[in-house]
Every structure is written in C-alpha cells, then in structure tokens.
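A.B. asks: the following comprises the amino acid sequence and a computationally predicted model.
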Amino acid sequence: MDPEVTLLAQSAGTTLIALMATDAWYHARDGVTRLWRRTQPERAETVAAELEASREDGLAAVAAGDEETLEELRLQWQGLVRRLLVAEPAAVEELRALLDQLDPGGSATRQITQHATASGEARVFQAGRDQHIAER
C-alpha cells in the first residue's frame, strides 16, 4: 500500500471531522462530494448523505464530549477516502489541493494531547504551541 495515500487519507479524515463544527464545513462537504462526483459519480449522492449523517453524529459527540465517536468517524472517513484513492489514483492531487484549501497550515491534522499532575505547591505550564510566561 502506498504510504502517501494512507497519510493523505488520514489527513482527510482528520480534517473533515475537525471542520464539522466550523463555517468551513460546507466548503469541505461540497469539495468531497465534488471529488466523488468526478471519480465515482454513482456513489456521490450516497457519500453526500453520509457526510451529513457524520456531521450530525459528530456534533452530538462534541456536545457530549464523546471522543470515541469522533475517533470512529475519523477512521470511517479515512477508510472511505483511502479506498477512493486506491481505486482512483488520479484523485490524489485533487484531494491534496482540496485539503490545502480547507486547512492551509495543516492545523486540523495536528493533534496534541497533554497530561500533567501537580501537587503541593507545584505549578504546571502547558502549551500546544507558543507560551510566554512573565512572572514578576
């Protein structure tokens, strides 16, 4: 299996789930539907309906704090996209361009998990990116 296809599918699954609760969702949904319409037109309407159902499930999962469902949705879309790219290798560049439009900095695909424990008078400072601490 082509590792590039796998990574691109992972990025697509993560980006779709990350954008579900944003204004960019409609652009993502339309772009993915267009990709299917061009490569596998017989499945395009089914994929569009699955995207909407996934969004409803994803929004409910976010509201409930259900990370497991969000991970399942991400894996579902990763698999669907990977199978499309394997069947239609010409779609790789089109998907890459769509992902670049949807998430130019790749921030949706970066996931940071942090855990810390402080006791007594200890303090913990954590940041997923830049952190500036000015104590006086």
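C.D. replies: On my side now, so go ahead.
A.B. asks: those helices in this structure, which residues are they?
C.D. replies: 3-19, 25-39, 44-64, 67-87, 91-102 (DSSP state H).
A.B. asks: which one of those helices lies closest to residue 122?
C.D. replies: Set against residue 122 and scored by Cβ to Cβ, the helices of the chain come closest in helix 67-87, at 27.4 Å. C-beta coordinates here come from the backbone N, C-alpha and C atoms, glycine included.
A.B. asks: pull out the buried positions in that closest one.
C.D. replies: Using 16 or more other Cβ atoms under 10 Å as the test for burial, helix 67-87 gives 69-70, 72-74, 76-78, 80-82, 84-85.
A.B. asks: follow-up on the earlier one: most tightly surrounded among the helices of the chain?
C.D. replies: helix 3-19 (a mean of 20; mean count of other Cβ atoms under 10 Å).
A.B. asks: off-centre distance for that one?
C.D. replies: In terms of Cα atoms, centre = their mean, to the nearest Å, the centre of helix 3-19 is found 6 Å from the chain centre.
A.B. asks: next: stretch 60-74.
C.D. replies: 12 Å.
A.B. asks: what's the first-to-last distance across it?
C.D. replies: Using Cα to Cα, to the nearest Å, one end of stretch 60-74 lies 15 Å from the other.
A.B. asks: what average pLDDT does it get?
C.D. replies: Averaged across stretch 60-74, the pLDDT comes to 95.
A.B. asks: hmm, back to that, so which of the buried residues of helix 67-87 is the closest to residue 26?
C.D. replies: Nearest to residue 26 among the buried residues of helix 67-87: residue 77, at 16.3 Å, using Cβ to Cβ.
A.B. asks: what's the spacing between the nearest residue to that closest one once chain neighbours are set aside and residue 31?
C.D. replies: Taking Cβ to Cβ, 6 or more residues apart in numbering, and ignoring the residues beside it in sequence, residue 77 has residue 13 as its nearest neighbour in space, at 4.0 Å. Distance, residue 13 to residue 31, using Cβ to Cβ, to the nearest Å: 14 Å.
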